[in-house]
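Student: Next input, structure requested:
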Amino acid sequence: MFSKIMKPIVLILCTGNSCRSHMAEGFLRAAAGDLVNVQSAGSNPTGHVHPLAIKVMAGVGIDISGHRSKHLKEFLAQPVHTVITVCDNADQACPIFPGQVNRHHWPFVDPAKAAGNEEEILACFRSVRDEMRHVFEVYAAGLRDGVVLR
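Tutor: Numbering: from 1, shown residues only. Take a look at the predicted model:
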């Protein structure tokens, strides 16, 4: 379906690029395999990947510990095929990328803003992770079936 040499870039954006976008990147990369080049970035990156995002993803067998927080400007000169925003702020700040064909906005609660004790905060991270897993695995199934990217 797609050239192995030039896989379409799917860029997942959120504001801080510390939690949601990295979890989504991990799920989509795992579920889509080599169909697309999955990346993530933020409109105002924090400079780190949240330790609890790393922990909850490890709990489902996906290692995002090697990810780094990036600014969306790193991708402005690249042929981004699809942009997926996972928070409202990133949706509003999202530019048009060269070659962009698709744009999706799927907002999720920001677990980095969760309040409560350690277990309550961890439960929020797990809840967001599980919701994202479903959404991005369904999206990847569409990619594999040739339904999503054209």
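Student: Longest helix in the chain, please.
Tutor: The longest helix of the chain (DSSP state H) is helix 118-144.
Student: which residues in the chain form helices?
Tutor: Counting by DSSP H, the helices of the chain are 20-32, 51-58, 88-93, 118-144.
Student: which stretch in those helices has the least confidence?
Tutor: Note on the helices of the chain: helix 88-93 shows the lowest mean pLDDT, a mean of 76.
Student: List the buried residues for that one?
Tutor: In terms of neighbour count (16 or more other CB atoms under 10 Å), helix 88-93 has its buried residues at Asn89, Ala90, Asp91. Just so you know, the C-beta spots here come from the backbone N, C-alpha and C atoms, and that holds for glycine as well.
Student: could you dump that helix to CSV, C-alpha only?
Tutor: Extracted C-alpha coordinates of helix 88-93, given in CSV (Å, rounded to 0.1, in the frame of the first residue of the first chain):
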residue,chain,number,x,y,z
ASP,A,88,-7.9,21.3,22.7
ASN,A,89,-5.0,23.7,23.1
ALA,A,90,-2.9,21.9,20.5
ASP,A,91,-5.8,21.7,18.2
GLN,A,92,-6.1,25.5,18.3
ALA,A,93,-2.3,26.1,18.0
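Student: can you redo the buried residues of helix 88-93 as CSV with distance to Phe136?
Tutor: Formatted as CSV, these follow (distance: CB to CB, whole Å):
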residue, distance to Phe136
Asn89, 20
Ala90, 16
Asp91, 17
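Student: of those residues, closest to Ile9?
Tutor: Ala90 (16.3 Å; CB to CB).
Student: which residues touch the closest one?
Tutor: Neighbouring residues of Ala90 by CB atoms under 8 Å, 6 or more residues apart in numbering: Leu13, Cys14, Thr15, Ser21, Gly42, Ser43.
Student: Mind doing that once more with 7 Å?
Tutor: Counting by CB atoms under 7 Å, 6 or more residues apart in numbering, Ala90 makes contact with Leu13, Cys14, Thr15, Gly42, Ser43.
Student: Pull out the buried residues from these.
Tutor: Using 16+ other CB under 10 Å as the burial test, the contacts of Ala90 include Leu13, Cys14, Thr15, Gly42, Ser43 as buried.
Student: tell me how far the longest helix of the chain is from the chain's mean position?
Tutor: 10 Å (CA atoms, centre = their mean, to the nearest Å).
Student: Apart from its neighbours in sequence, what residue is nearest Arg133?
Tutor: The shortest distance from Arg133 to any non-neighbouring residue, by CB to CB, 6 or more residues apart in numbering, is to Phe27 (5.3 Å).
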